[in-house]
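Participant: coordinates only, sequence not included:
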């Protein structure tokens, strides 16, 4: 089949690719809307740094702009974490609440292809069989970028599509669509589509205000936010997508979320420290960086508080290199349970404080978690970072056990991960903390 006819066959049905083996992620239903009044109030500590005042004032300006119609700059939030973040339940609850309160400036960062672990709350991703993932924590060959993944093909006519789970119901402002690569392919090697309409790319993509040609990015501006985006390769050459972004030209909040199951903060960010990451964060600089880690660190058999403090200082160096002007919020881990000694038959399961002996019958909050939280709080204070103790949302020690026993449960049977209801509560609690910050110091 000649190329024009092949391309037409791929487009039949509106980016449902003919002859392609389509793999789709099946998402878990999200929790129903929750009354904000029922969500615990947990304040953010340590927000006296100038960068935090900047975030609060920008949120306040978004709020007043909704009334007086004046222009306001968007607020960009970058949320990075472990498996609590990779499912995009916790972060999406915060995202939805912030965008409802302060305006929606677009979906923001989207993952590179079908996530092997985790999900996106924003898009449904479909791909032909010719793509494969590469991960930074497995393949140490740089460059990788935010999210630590690359979606690669060397085949012509490989197809990839992104469909918004909540498409716009009416016309939107213009949107910048940026595609990030380990190395940008020539424009003629890709055909791009927005709602089945071909999209043209510049032959010399520019890097923001610097005007320097980008080695890693293709960019175009669409007249409005599409419901579906598609990409078709046209040549037998390597294409390695590391992510894409959709940013509306309007005031509001952009909430980028990326998490890796099993990750620890220092090792994860070090694998993302590349020229690609530097360019992404220059073109789309965050106002606030949220780091939600600590669970995997606590479960290390060789956990040591001094070593963990050193890891957090390495995180500080990464942030100074890539996001020097952003406010930083360190989220301490939620409660997590550890099974104790063998219980007699028919014994009633109990939860014990973290300091209880391992021979007790039942479960206890993991004994390393209080040390992890204290270390995080000390480092946050010394670095002028904000600190938010997630475990207070569920009542600290044995909170996971209590939430497991609810109907519906807000913790999974493993005692480590939350259900969608639990993440919904947690995300709304973080939203309340950020809104309180805006109300108190953003005036």
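Facilitator: Right, received. Where do you want to start? The shown structure was predicted, so the numbers you read here are calculated from the model rather than taken from an experiment.

Participant: From now on I want contacts and neighbour counts done on CA atoms only, so please keep to that.
Facilitator: Fine.

Participant: Strands of the stretch 151-300 of the chain, start to end?
Facilitator: 159-164, 175-181, 190-194, 197-199, 206-207, 212-213, 217-222, 228-233, 239-248, 253-259, 288-292 (DSSP state E, counting those that start in this stretch).

Participant: Endpoint to endpoint, stretch 107-120 covers what distance?
Facilitator: 11 Å (C-alpha to C-alpha, to the nearest Å).

Participant: hang on, I meant stretch 125-133
Facilitator: End-to-end distance for stretch 125-133: 14 Å, by C-alpha to C-alpha.

Participant: cool, stretch 165-185 as well?
Facilitator: End-to-end distance (C-alpha to C-alpha), stretch 165-185: 28 Å.

Participant: mind putting the strands of the stretch 151-300 of the chain in CSV, mean neighbour count included?
Facilitator: Below are the strands of the stretch 151-300 of the chain laid out as CSV (neighbours: other C-alpha atoms under 10 Å):
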stretch, mean neighbour count
strand 159-164, 22
strand 175-181, 21
strand 190-194, 19
strand 197-199, 14
strand 206-207, 18
strand 212-213, 12
strand 217-222, 20
strand 228-233, 22
strand 239-248, 24
strand 253-259, 26
strand 288-292, 22
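
Participant: could the ones you listed be laid out in a markdown table, adding mean pLDDT and distance to residue 373?
Facilitator: As requested, these are exported to a markdown table (pLDDT from 0 to 100; distance: least, C-alpha to C-alpha, whole Å):
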| stretch | mean pLDDT | distance to residue 373 |
| --- | --- | --- |
| strand 159-164 | 96 | 37 |
| strand 175-181 | 94 | 35 |
| strand 190-194 | 94 | 45 |
| strand 197-199 | 94 | 48 |
| strand 206-207 | 48 | 39 |
| strand 212-213 | 44 | 43 |
| strand 217-222 | 91 | 38 |
| strand 228-233 | 95 | 42 |
| strand 239-248 | 94 | 32 |
| strand 253-259 | 95 | 20 |
| strand 288-292 | 98 | 11 |
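
Participant: Could you dump the ones you listed into a markdown table and include distance to residue 36?
Facilitator: Converted to a markdown table, the strands of the stretch 151-300 of the chain look like this (distance: least, C-alpha to C-alpha, whole Å):
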| stretch | distance to residue 36 |
| --- | --- |
| strand 159-164 | 26 |
| strand 175-181 | 31 |
| strand 190-194 | 36 |
| strand 197-199 | 41 |
| strand 206-207 | 41 |
| strand 212-213 | 46 |
| strand 217-222 | 36 |
| strand 228-233 | 32 |
| strand 239-248 | 27 |
| strand 253-259 | 19 |
| strand 288-292 | 22 |
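
Participant: Of those strands, give the one that comes closest to residue 147.
Facilitator: Among those, strand 253-259 comes nearest to residue 147, with 5.6 Å by C-alpha to C-alpha.

Participant: now for the closest one, which elements pack on it?
Facilitator: With contacts taken as 3 or more C-alpha pairs under 8 Å, 6 or more residues apart in numbering; DSSP states H and E, strand 253-259 sits against strand 75-81, helix 83-86, helix 90-102, strand 108-110.

Participant: and residue 177, what are its bridge partners?
Facilitator: Residue 177 has these beta-bridge partners by DSSP bridges: residue 220, residue 246.

Participant: what ranges of this structure fall below the confidence cut-off?
Facilitator: By pLDDT under 70, the low-scoring segments of the chain are 1-33, 137, 140-143, 202-214, 345-348, 442-443.

Participant: domains for it, by residue range?
Facilitator: For the chain, the structural domains run 42-105+251-341+349-443, 106-249, going by automatic domain parsing.

Participant: As TSV, those domains with distance to residue 35 would be great.
Facilitator: Formatted as TSV, these follow (distance: least, C-alpha to C-alpha, whole Å):
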stretch	distance to residue 35
domain 42-105+251-341+349-443	9
domain 106-249	20
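
Participant: of all those, which lies closest to residue 34?
Facilitator: domain 42-105+251-341+349-443 (7.5 Å).

Participant: Confirm that residue 312 sits in a helix.
Facilitator: Yes. Counting by DSSP: H, G, I helix; E, B strand; the rest coil, residue 312 is located in a helix.

Participant: Relative to residue 306, how far out is it?
Facilitator: 10 Å.

Participant: The two: which has the busier surroundings?
Facilitator: residue 312 (18 against 10; other C-alpha atoms under 10 Å).

Participant: Can you verify my assumption that that one contacts residue 268?
Facilitator: No. Counting by C-alpha atoms under 8 Å, residue 312 does not reach residue 268; the two are 11.8 Å apart.

Participant: Report the distance from stretch 254-273 to the chain centre.
Facilitator: 9 Å (C-alpha atoms, centre = their mean, to the nearest Å).

Participant: List the neighbours of the longest helix belonging to the chain that are in contact with it.
Facilitator: Longest helix of the chain, by residue count under DSSP state H: helix 420-441. Contacts to helix 420-441, defined as C-alpha atoms under 8 Å, 6 or more residues apart in numbering, come from residues 29-32, 34, 36, 39-44, 53, 55-57, 59-60, 89-94, 97-98, 390, 393, 403, 408-411.

Participant: are any of those residues buried, and which?
Facilitator: Among the contacts of helix 420-441, the ones that count as buried by 16 or more other C-alpha atoms under 10 Å are 39-44, 53, 55-57, 59-60, 89-94, 97-98, 390, 393, 403, 409-411.
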